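1. Predicted coordinates and the sequence they were generated for:
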Amino acid sequence: MPLELWSYPLLFATGLATGLLNVVAGGGSFLSLPILIFMGLPPVVANGTNRVGILSQNVAAVWSFRRDGVFEKSWLLSGGVPSTLGAVLGTWAATRIADDTFRDILVALMIVMSLWTLWDPIRPRRGNATSATAHLGPAAACGLFLAGIYGGFVQAGVGFLLLVVTTLAGYDLVRGNSLKVLCVLISTPLSLAIFAWQGQVSWIHGFALAAGTLLGGFFGARMSVLKGHAWIRRVVTVTVIAMALKLWLTP
């Protein structure tokens with residue numbers, strides 16, 4: 001589908017905001033998915049196309065976190081494997097539903113996710129400020145697998161779920177964000193490949209979006225490291241409230 005000239009800056013700006021929100025907190029795809037649908041893409045194609053931007057965003061974020069020393073090689077297996085297995089199942093389900101059904105599910109998930117995050121599920125546990133005792137055991141692997149299913153299916157809001165898992169595992173929000181973006185980076189290529197194989201990716205929309213998410217992912221990772229745990233917590237809170245208000249005010 002060809003793009004109007006005005007569409008490129010809109011998608012770039014959407015990608016920039018999406019990448020920044022996704023890396024620092026989560027929920028950025030609640031912005032990008034509706035924009036892609038508004039621009040004429042069928043909902044399921046918008047879901048697949050959004051993964052192009054997600055991949056670009058997390059390449060930049062992982063590189064930035066790794067450069068700043070917020071990275072553990074053990075995460076590649078302990079975090080990447082369960083989240084990727086879950087993403088394959090979620091993506092398989094997403095490619096087999098009707099557009100109207102996906103649209104209804106997206107609206108319902110936006111409402112549920114907004115209400116759930118207002119409950120403050122990523123409140124840091126006492127004593128995990130340095131992540132010294134953090135460990136990805138079987139319970140965390142199960143949580144990453146379930147979050148991967150959700151992320152493979154719709155992606156929007158998966159960052160919140162992953163932060164819940166990493167927080168319960170003992171990570172502060174800086175290292176939790178680093179682990180989060182690594183899990184998404186590892187699982188997204190296979191998910192994107194499945195959508196592309198089914199013909200459910202608009203590459204021109206995806207690349208325009210990805211140009212913005214690349215910068216957004218880089219700046220989001222830098223801000224996470226520079227500003228720290230308390231700042232991320234405030235951004236998460238503001239993001240959640242904004243999402244809830246948007247849903248409430250949208251007809």
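-> In hand now; what should we look at?

2. Kindly state the pLDDT recorded for residue 190?
-> Looking at residue 190, its pLDDT reads 93.

3. And it, how far from residue 156?
-> Separation of residue 190 from residue 156 (Cβ to Cβ, to the nearest Å): 19 Å. Backbone N, C-alpha and C define where each C-beta goes, glycine included.

4. more crowded one of these two?
-> residue 156 (27 against 14; other Cβ atoms under 10 Å).

5. Quick check: phi and psi on the more buried one?
-> Recorded main-chain torsions at residue 156 are phi -60, psi 120, according to degrees, to the nearest 10.

6. is it true that it touches residue 110?
-> Yes - between residue 156 and residue 110 there is a contact at 7.1 Å, judged by Cβ atoms under 8 Å.

7. what's the overlap in contacts for the two?
-> Counting by Cβ atoms under 8 Å, 6 or more residues apart in numbering, the contacts common to residue 156 and residue 110 are residue 30.

8. Distance check, residue 97 against residue 23.
-> Taken as Cβ to Cβ, the span from residue 97 to residue 23 is 28 Å.

9. ok, now which ones touch residue 194?
-> By Cβ under 8 Å, 6+ apart, the contact list for residue 194 reads 88, 91, 92, 95.

10. following the helix or strand harbouring residue 101, which helix or strand shows up next?
-> Per DSSP states H and E: residue 101 is located in helix 99-118. Following helix 99-118 in sequence order, the next helix or strand is helix 138-153 (DSSP H and E).

11. So which bits of that following helix are buried?
-> Within helix 138-153, the residues scored as buried using 16 or more other Cβ atoms under 10 Å are 140-141, 143-153.

12. what's the spacing between the helix or strand following that helix and its chain's center?
-> Note on helix 138-153: by DSSP H and E, the next helix or strand toward the C-terminus is helix 158-168. Offset of helix 158-168 from its chain centre (Cα atoms, centre = their mean, to the nearest Å): 11 Å.

13. helices or strands up against the helix holding residue 101?
-> The helices and strands touching helix 99-118, judged by 3 or more Cβ pairs under 8 Å, 6 or more residues apart in numbering; DSSP states H and E, are helix 29-38, helix 43-67, helix 158-168, helix 203-249.

14. Residue 69: what secondary structure?
-> Three-state call for residue 69 (DSSP: H, G, I helix; E, B strand; the rest coil): coil.

15. Please apply the same query to the one 4 residues further on.
-> In terms of secondary structure, residue 73 is coil; the call rests on three-state DSSP.

16. nearest to residue 83, of the helices and strands packed on helix 99-118?
-> Ranking the helices and strands packed on helix 99-118 by their distance to residue 83 (criterion: Cβ to Cβ) puts helix 158-168 first, at 7.8 Å.

17. pull the CA atoms of that closest one into PDB?
-> Extracted as PDB, the C-alpha positions of helix 158-168 are listed here (Å, rounded to 0.1, in the frame of the first residue of the first chain):
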ATOM      1  CA  VAL A 158       4.000  -6.700  27.000                       C
ATOM      2  CA  GLY A 159       6.600  -4.400  28.500                       C
ATOM      3  CA  PHE A 160       4.500  -4.100  31.600                       C
ATOM      4  CA  LEU A 161       4.200  -7.800  31.900                       C
ATOM      5  CA  LEU A 162       7.900  -8.400  31.500                       C
ATOM      6  CA  LEU A 163       8.700  -5.800  34.100                       C
ATOM      7  CA  VAL A 164       6.400  -7.500  36.500                       C
ATOM      8  CA  VAL A 165       8.300 -10.800  36.000                       C
ATOM      9  CA  THR A 166      11.700  -9.100  36.300                       C
ATOM     10  CA  THR A 167      10.600  -7.200  39.400                       C
ATOM     11  CA  LEU A 168       9.400 -10.300  41.100                       C
END
